[in-house]
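*Asks:* Just a sequence and a predicted model for now, questions to come.
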Number of protein chains: 2
Amino acid sequence: MAEPGATLLDRLAAVVGETHVLSAAADVAPFVADWRGNFRGKARAVVQPATTAEVSAVVSACAAHGAAIVPQGGNTGLCGGATPDATGDEIVVSLARMQRVRALDTANATITVEAGLPLAAVQDAAAGAGLFFPLSLASEGSCTIGGNLSTNAGGTAVLRFGNTRDLTLGLEAVLADGSVFAGLRGLRKDNTGYDVKQLFIGAEGTLGIVTAAVLKLFPMPRTRVTALAALASMADAVALLQHLKHALSDRLVGFEVMSDFSLALSRRHHPGSPELLPGHPWYALIQVDESAPDAPLQAAVEAALGEALQAGIVTDVAFAQSHEQARRLWSLRENISEAQRKEGPNVKHDISLPVSAIPAFMTECEAALMAAFPNARLVVFGHLGDGNLHYNLSAPEGVAAQAFMDNAHAVNRIVHDLVARHDGSFSAEHGVGQLKREDLVRYKGSVEVALMRAVKAAFDPRGLMNPGKVL
Amino acid sequence: MAEPGATLLDRLAAVVGETHVLSAAADVAPFVADWRGNFRGKARAVVQPATTAEVSAVVSACAAHGAAIVPQGGNTGLCGGATPDATGDEIVVSLARMQRVRALDTANATITVEAGLPLAAVQDAAAGAGLFFPLSLASEGSCTIGGNLSTNAGGTAVLRFGNTRDLTLGLEAVLADGSVFAGLRGLRKDNTGYDVKQLFIGAEGTLGIVTAAVLKLFPMPRTRVTALAALASMADAVALLQHLKHALSDRLVGFEVMSDFSLALSRRHHPGSPELLPGHPWYALIQVDESAPDAPLQAAVEAALGEALQAGIVTDVAFAQSHEQARRLWSLRENISEAQRKEGPNVKHDISLPVSAIPAFMTECEAALMAAFPNARLVVFGHLGDGNLHYNLSAPEGVAAQAFMDNAHAVNRIVHDLVARHDGSFSAEHGVGQLKREDLVRYKGSVEVALMRAVKAAFDPRGLMNPGKVL
């Protein structure tokens, strides 16, 4: 135990051990900027507790000293939610040492994991027991499940399995006063008062620190069909999605839409990518899974896509003939972001809309943007099955990418205002962090913002949990 | 508008019209007792607003007069959550006149409905558009969707589709000060701050009045297989559930378990019920659905149950050969509650457990109960797929049912303490209401209760929303 009158860092060292309190600039550096380099701050120290009890003691010590806390997982967020501010007063609490699988219950189909476990390790632990954890993101090798919970991460299988929220049965969190919310229940039904765990999911560490969770597991997919469909328009993509949901029901796991231009970018920067079905304006990457090992799935998907061809909502179809071909089709999709980055900065949006509103939104938004920024280039792709588009704008040919970024605020305003008019969201899966606080106040009604502030004041009256984020 | 200085009832009449403010004893009577007659109160008046604006004005008027409000839907709850207290001071706000379907979006697969719409009418509206709303309860003809939301209702398809919470994308609610939370978004992904709608779901009207919601719709099931499996033990039932989930994945929609004795009761009071596979201790009623019209579902279910027979976890199997036979099998299950009631009062529990813990719980709980109440009779049935058992105790043969009820508190304590020891819940799907407030304080940790109280104080600082319920 630290002496009375000890400094905060002494107290923290007494809790976690000296080697787990980093304060030298070089040690702290990786924790005070986000991985894309868009956000940069300072920190008094980075603390690395190993257990929930240690997190509790760390938070209590910070509370006693009035020090603000920035919780951090894999530091792969896109909105600056895990980056400290510029004061150098904040304490970063890294959950990276909390990596235990506390329980895996095959009959209940649940896994209990600590916040610092990387997402890929959660997937692997489930697979080791013959079960499936469906959350899947590009950053799954380095992001942590605690970060996924705190941002309610989405990814590529939301159409079938929902967001992280939908995969969570129970939660453990350390509150602003150091007390522990012990909600690690693995129950499919539990109606006993307010479901307070829901508040911590997606709160980006502003209401407490998520330390562990009970997650749902599913039967392992054993038959898989992957196909690429060429489409004449986004309206056809919406019609195809609807058709496949009825024909294939929950076996439809992924439905990613990509514009011709976004695919061309992906191929330009990743030579050797497959070029299937060239010459169409839109493409849908379709994945269909089934847990029975011998299901007649290929025939069912062929029949459904055959009907779509006949109905004229699909122009052409290609099937992956092997796991390797399927993997390469998915790489084509996943490489779009990276390819965009290589082209230089661009104005990105992570929006969602009612699926039915997407075709009209696309037409209206392109017209509005082209009127304001003639010849700017749209790069549109995303999880159409969830109404979630990554809707990005690049500089016109011949205009420097960096110079075009001066328009970012004006572009955001056009896109987000139109999203709001179609009852959509300015942040589908990336959260709010530091980046979208202004949008939150602009697009949420004042009643909803007041409710959020009331929750924040009730859970963190002194405002020490990740201040300056979300609200 | 009512004059300044008008009485509360005058003000309410000015909002909703005189005919929709009931205060005569005979008019008020149906609203101040629950349908089973277990809870009885008094009310100053029953008010029946027709729109969200009227609900808002009603709540504002009550707030101005410091009058407490009891929101009520179909009044089919089981825990007294919609029954006013004995003071005669409370205002019952009935949502029964708010029955509009505000929108039905087939491409987005969502329906927007008002709180007073009966559940069956929501199902019908979806079916009219070729879509499926899966929430299904015994009381679906009279319960309202607002009540389903406020109690996070479960029912028979939770295994596949989740509880009401999982079916809800957006919500509208009138808050304690009369302001309106306008959260009617139909988005599958929306990570923009705290998901405050989650708090109203399952809050039983203690945080505000739910007035409308956006609900998820699904492809209509077009192929269905219904089967009854005879089982030697509850452990085999758990093993069969796990086997079928892997073999049939999400096509497994219902998995209801029934003891031999509970089935015998159902048949005794409903002559003509089918008597399939007699002479086994346990039965599972299995329903498997598929949205494709021509799926080879029967063969898949036969194969899966054939494997279970070979593995010795199932003793015998019968298939419904027609819709009528399937309906009669479900009636057998649904008539258990009614049959129990005809036998006289019994001590009921609506518990949930991790599925893996159920066999051990069953053994331990039966031993504990038989030690305390020799020859009492267990009536056990429920939604095993969700770990939810209706675990009821009837008087021993020859003991008056009413007299046995004196033991209710002691029985509850044995059952709920053991449930807690297995990390289960004392209320799986019925909620808390007035009935289980004591349990909430006993079984939730003090940190969780404090968080709930903080939420309540933040949303309803004057304690006027359904006081005396839940917390």
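*Replies:* Thanks, I have the structure now.
*Asks:* where does A:Val70 land in three-state SS?
*Replies:* Put simply, A:Val70 is strand when judged by DSSP: H, G, I helix; E, B strand; the rest coil.
*Asks:* and the residue nearest to A:Gly433 when sequence neighbours are not counted, what element?
*Replies:* Among residues not flanking A:Gly433 along the chain, A:Cys79 sits closest, at 2.8 Å (C-beta to C-beta, 6 or more residues apart in numbering or on different chains). (C-beta placed from N, C-alpha, C; glycine too.) Following DSSP states H and E, one finds A:Cys79 outside all helices and strands.
*Asks:* can you tell me which residues contact A:Ala129?
*Replies:* A:104, A:106, A:217 (C-beta atoms under 8 Å, 6 or more residues apart in numbering or on different chains).
*Asks:* Just the pLDDT for it.
*Replies:* According to the prediction, A:Ala129 has pLDDT 97.
*Asks:* how about it, phi and psi?
*Replies:* phi -100, psi 10 (degrees, to the nearest 10).
*Asks:* Please list which of the contacts of A:Ala129 are also close to chain B.
*Replies:* When contact is defined as C-beta under 8 Å from any C-beta of the partner chain, those meet chain B at A:Thr106.
*Asks:* Return the member of the contacts of A:Ala129 nearest to A:Pro30.
*Replies:* A:Leu104 (31.1 Å; C-beta to C-beta).
*Asks:* That closest one and A:Thr52, how far apart?
*Replies:* 18 Å (C-beta to C-beta, to the nearest Å).
*Asks:* do A:Leu159 as well
*Replies:* Separation of A:Leu159 from A:Thr52 (C-beta to C-beta) stands at 34 Å.
*Asks:* And the two? Which one has more around it.
*Replies:* A:Leu159 (23 against 20; other C-beta atoms under 10 Å in any protein chain shown).
*Asks:* That one contacts A:Phe255, correct?
*Replies:* Yes - A:Leu159 lies in contact with A:Phe255 (C-beta atoms under 8 Å); the separation is 5.8 Å.
*Asks:* shared neighbours of those two, anything?
*Replies:* Residues touching both A:Leu159 and A:Phe255 by C-beta under 8 Å, 6+ apart: A:383, A:385.
*Asks:* My guess is A:Ala368 contacts A:Ile414. True?
*Replies:* Yes - using C-beta under 8 Å, A:Ala368 is in contact with A:Ile414, at 5.2 Å.
*Asks:* Spatially central residue in chain A, please.
*Replies:* A:Ala153 (3.4 Å; C-alpha atoms, centre = their mean).
*Asks:* how about the nearest residue to it, chain neighbours excluded?
*Replies:* Closest residue in space to A:Ala153, ignoring its immediate chain neighbours: A:Thr164 at 4.8 Å, by C-beta to C-beta, 6+ apart.
*Asks:* In a helix, A:Leu135, correct?
*Replies:* No - with three-state DSSP as the criterion, A:Leu135 is assigned coil and is not in a helix.
*Asks:* and it, what pLDDT?
*Replies:* So, for A:Leu135, pLDDT stands at 97.
*Asks:* Roughly how far does it sit from A:Gly162?
*Replies:* Taking C-beta to C-beta, one finds A:Leu135 at 9 Å from A:Gly162.
*Asks:* same question, A:Leu369
*Replies:* On the measure of C-beta to C-beta, A:Leu369 and A:Gly162 end up 31 Å apart.
*Asks:* Let me see the confidence value for the residue nearest to A:Val59 when sequence neighbours are not counted.
*Replies:* Setting aside the residues directly before and after it, A:Val59 is nearest to A:Gly178 in space (C-beta to C-beta, 6+ apart), at 4.5 Å. Here, the pLDDT recorded for A:Gly178 equals 98.
*Asks:* residues contacting A:Gly178?
*Replies:* Applying C-beta under 8 Å, 6+ apart, one finds that A:Gly178 lies in contact with A:56-57, A:59-60, A:63.
*Asks:* go with 7 Å
*Replies:* Neighbouring residues of A:Gly178 by C-beta atoms under 7 Å, 6 or more residues apart in numbering or on different chains: A:56, A:59-60, A:63.
*Asks:* what's the answer for A:Arg251, then?
*Replies:* Counting by C-beta under 7 Å, 6+ apart, A:Arg251 has contacts A:288-290, A:297.
*Asks:* likewise A:Ala410?
*Replies:* For A:Ala410, counting by C-beta under 7 Å, 6+ apart, the contacting residues are A:Ala372.
*Asks:* how much space is there between it and A:Phe373?
*Replies:* Taking C-beta to C-beta, one finds A:Ala410 at 8 Å from A:Phe373.
*Asks:* And A:Phe459, by the same measure?
*Replies:* For A:Phe459, the distance to A:Phe373 - C-beta to C-beta - is 42 Å.
*Asks:* And those two? Which one has more around it.
*Replies:* For A:Phe459 versus A:Phe373, the count of surrounding residues by other C-beta under 10 Å is larger for A:Phe459: 25 against 19.
*Asks:* ok, the more buried one touching A:Gly205?
*Replies:* No - A:Phe459 is beyond contact range of A:Gly205, at 11.5 Å (criterion: C-beta atoms under 7 Å).
*Asks:* ok, back up a step: most neighbours among the contacts of A:Ala129, which one?
*Replies:* For the contacts of A:Ala129, the largest neighbour count, defined by other C-beta under 10 Å, is 23 neighbours, found at A:Leu217.
*Asks:* Is the residue of the stretch 251-400 of chain A at minimum distance from chain B in a helix, a strand, or coil?
*Replies:* Nearest residue of the stretch 251-400 of chain A to chain B (C-beta to the nearest C-beta) works out as A:Ser356 at 3.6 Å. Of the three states, A:Ser356 takes helix under three-state DSSP.
*Asks:* what about it, neighbour count?
*Replies:* So A:Ser356, with other C-beta under 10 Å, has 18 neighbours.
*Asks:* what about A:Gly202, neighbour count?
*Replies:* Residues near A:Gly202, counting by other C-beta under 10 Å: 26.
*Asks:* So for it, what's the nearest residue that isn't a sequence neighbour?
*Replies:* Counting by C-beta to C-beta, 6+ apart, the residue nearest A:Gly202 is A:Asn152, at 3.6 Å.
*Asks:* now do A:Ala395
*Replies:* Using C-beta to C-beta, 6+ apart and skipping the chain neighbours, the partner closest in space to A:Ala395 is A:Phe404 (3.5 Å).
*Asks:* what do you get for A:Tyr194?
*Replies:* B:Met452 (4.9 Å).
*Asks:* For whatever helix or strand the one you found lives in, which residues meet the burial criterion?
*Replies:* For B:Met452, the host element (DSSP H and E) is helix B:446-459. Going by neighbour count (16 or more other C-beta atoms under 10 Å in any protein chain shown), the buried part of helix B:446-459 is B:447-449, B:451-452, B:454-456, B:458-459.
*Asks:* Any chance of CSV for those residues, columns distance to A:Phe381?
*Replies:* Output for those, formatted as CSV (distance: C-beta to C-beta, whole Å):
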residue, distance to A:Phe381
B:Val447, 43
B:Glu448, 42
B:Val449, 46
B:Leu451, 40
B:Met452, 42
B:Ala454, 42
B:Val455, 39
B:Lys456, 44
B:Ala458, 40
B:Phe459, 40
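*Asks:* and the stretch 1-150 of chain A, which residues reach chain B?
*Replies:* Contact residues (C-beta under 7 Å from any C-beta of the partner chain) of the stretch 1-150 of chain A with chain B: A:105, A:107-108.
*Asks:* Equivalent analysis for the stretch 151-300 of chain A, please.
*Replies:* A:151-152, A:154, A:158, A:163, A:166, A:179-183, A:185-196, A:198-199, A:202-203, A:219, A:238, A:242, A:245-247, A:249-250, A:290-292, A:296, A:300.
*Asks:* From these, keep the buried residues only.
*Replies:* Buried members of these, scored by 16+ other C-beta under 10 Å, are A:151-152, A:154, A:158, A:163, A:166, A:179-183, A:185-196, A:198-199, A:202-203, A:219, A:238, A:242, A:245-247, A:249-250, A:290-292, A:300.
*Asks:* Now, the residues you listed that are in helices?
*Replies:* A:158, A:198-199, A:238, A:242, A:245-247, A:300 (DSSP state H).
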